[in-house]
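Trainee: Predicted model, plus sequence, below.
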Amino acid sequence: MKQYFDVPVSGRRIAALCAAVLSLSAVVAESIDTGSVWSAVAWTLSGALVLAAVAVPRDRFGPAALAAVAASGLVTLLAALTGVRAEHTFGVVESCALLLVVARALRLGPPLRAVAVASGAVAALTVIFLRLPSAEYSRAGSFAVPVLWCAAALAAVLGLYLRLLDRFREREHEAALQEQRLDYARELHDFVGHHVTAIIAQTKAVRFATAAGRPPGPEELDGMLAAVEEAGSQAMQSMRSMVAVLRDPRGAGAAGPGGGLAGLRTLTERFSASGPRTALTLDPRLTAGELPPGIATTVHQVVREALTNVRKHAHGAHKVTVDVRVAGDTARPVVRVSVCDDAEAAAGTAAEAPARSPAPARRAGTGTGSGYGLVGLAERAAMVGGTVTAGPRAGVGWVVEADIPLPGPLEGPASGAPSDPPTAPPTAPPTAPPSGPSPSGPAPHGTDEPRAADTLDP
């Protein structure tokens, strides 16, 4: 059905021009029925003003509608006072145009102006039959006026309906734009923030070691600069992908990691090369087949954001454990992602956790309480029906955990099959900072800012 109404702009303009010419011709034909030149001119100008109020852009509708209503009422008053009236018509085309003015005023104008213009148009409609000969007043009063009032009521209902429909469309458009902005913000945080954080951590490590009187040797410095260069190149690639998405949203852009979890090993190995030692445990049932793209992407984002937070906030962390496995019953399994670090800042007891004020932004942010990492993760997990929690766990450390439901049972090794052994890259962690605080800069793997327990369960 849409193909019959999908008319090009040029075609719509031609159709509007033809309608305007026909309507104006009808107004001129009705004005000739008065038998007076000045009265015909007045009828024509009045009808033309009302037709123009129907067609003008919405930003000019208010003044045009007021002028049209005033002109219509003035012509009716002059016809009643002078006795120069039409023999067979009272201005049918102008009356129809006034009905459209009522509908358009209630659709476009501010409330007070809309009521004023609509009331004036209804008043002009009520008295327009005075343009007929006086012998026709009784018949017009008993038939024409009720019909015009009913038509005005229908026009008012139409205008209010279109007004509500416009508001609904505006809210839908705003919601779509907001969702698009949030999606771009999450993409920038996930794909760019991770690499930029690695650059900052490496730079802080060099400054910290130099301030402590143990500057890195040429080989060690070359390795750190190489890591910074690699992280910068990855950040640039991610930024180019985001720019491609902004230029062409239909393109691949910064797409996720497909339907597999093989990229988790690369992610943890790169993290170990410039941060604490990382061990990955991956359930073989998740590597045997392809996961839905949305679930696989969410798993990657949870692990990436948790590792980024370790680098930024986990002061003194020596080991990070990443565990991705299938949990829940067979009929309704979930992918449980757990990322835990052994930082001293997260070693508080479970009884201490409620006493701390919730501050998810501080845990996921930039150290100033302005970050949105875990908030974005909670939103992404909610899109696939999952939840995200984060906080200290007694005897374990700081844990970020996500449960992401699967659409159905997995096909793969039996549930009792052993998991992959933890993968610990042989690279040694960077030079540990001295026990005392350094006056020249923060610690290389994060800050000693306290991390508050938070639950981001949308």
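Mentor: Nice, thanks for sending it over. Numbers count the residues shown, from 1 in each chain.
Trainee: element containing the most centrally placed residue in the chain?
Mentor: The residue lying closest to the centre of the chain (C-alpha atoms, centre = their mean) is Glu179, at 1.7 Å. Secondary structure assignment for Glu179, by DSSP states H and E: helix 137-188.
Trainee: And that helix, how far out from the chain middle?
Mentor: How far helix 137-188 lies from its chain's middle: 24 Å, per C-alpha atoms, centre = their mean, to the nearest Å.
Trainee: all helices of this protein, in order?
Mentor: Along the chain, counting by DSSP state H, helices occupy 2-5, 9-32, 37-55, 61-82, 92-108, 111-127, 137-188, 194-211, 218-247, 263-274, 284-287, 293-313, 360-364, 373-383.
Trainee: As CSV, the ones you listed with mean pLDDT would be great.
Mentor: Shown next, in CSV, are the helices of the chain (pLDDT from 0 to 100):
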stretch, mean pLDDT
helix 2-5, 48
helix 9-32, 82
helix 37-55, 89
helix 61-82, 89
helix 92-108, 92
helix 111-127, 91
helix 137-188, 83
helix 194-211, 76
helix 218-247, 74
helix 263-274, 83
helix 284-287, 81
helix 293-313, 82
helix 360-364, 39
helix 373-383, 77
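Trainee: would you list those in CSV and tack on distance to Pro407?
Mentor: The way it works is simple: take the backbone N, C-alpha and C, and place the C-beta from them, glycine included. Output for those, formatted as CSV (distance: least, C-beta to C-beta, whole Å):
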stretch, distance to Pro407
helix 2-5, 33
helix 9-32, 44
helix 37-55, 53
helix 61-82, 52
helix 92-108, 45
helix 111-127, 49
helix 137-188, 22
helix 194-211, 28
helix 218-247, 26
helix 263-274, 21
helix 284-287, 14
helix 293-313, 8
helix 360-364, 28
helix 373-383, 14
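Trainee: Would you check how far apart the residue nearest to the centre of the chain and Pro405 are?
Mentor: According to C-beta to C-beta, to the nearest Å, Glu179 stands 22 Å off from Pro405.
Trainee: for Arg167, same thing?
Mentor: 36 Å.
Trainee: So for the two, which sits in the more crowded spot?
Mentor: Pro405 (16 against 10; other C-beta atoms under 10 Å).
Trainee: So that one is in contact with Thr387, correct?
Mentor: No - at 9.4 Å, Pro405 and Thr387 do not qualify as touching, with contact defined as C-beta atoms under 8 Å.
Trainee: burial measure for the closest residue to Ala55 other than its chain neighbours, as a count.
Mentor: Spatial nearest neighbour of Ala55, excluding adjacent residues (C-beta to C-beta, 6 or more residues apart in numbering): Ala20 at 6.7 Å. Neighbourhood size, Ala20 [other C-beta under 10 Å]: 15.
Trainee: Over to Arg332?
Mentor: 11.
Trainee: Pull the contacting residues for it.
Mentor: By C-beta atoms under 8 Å, 6 or more residues apart in numbering, the contact set of Arg332 is 405-406.
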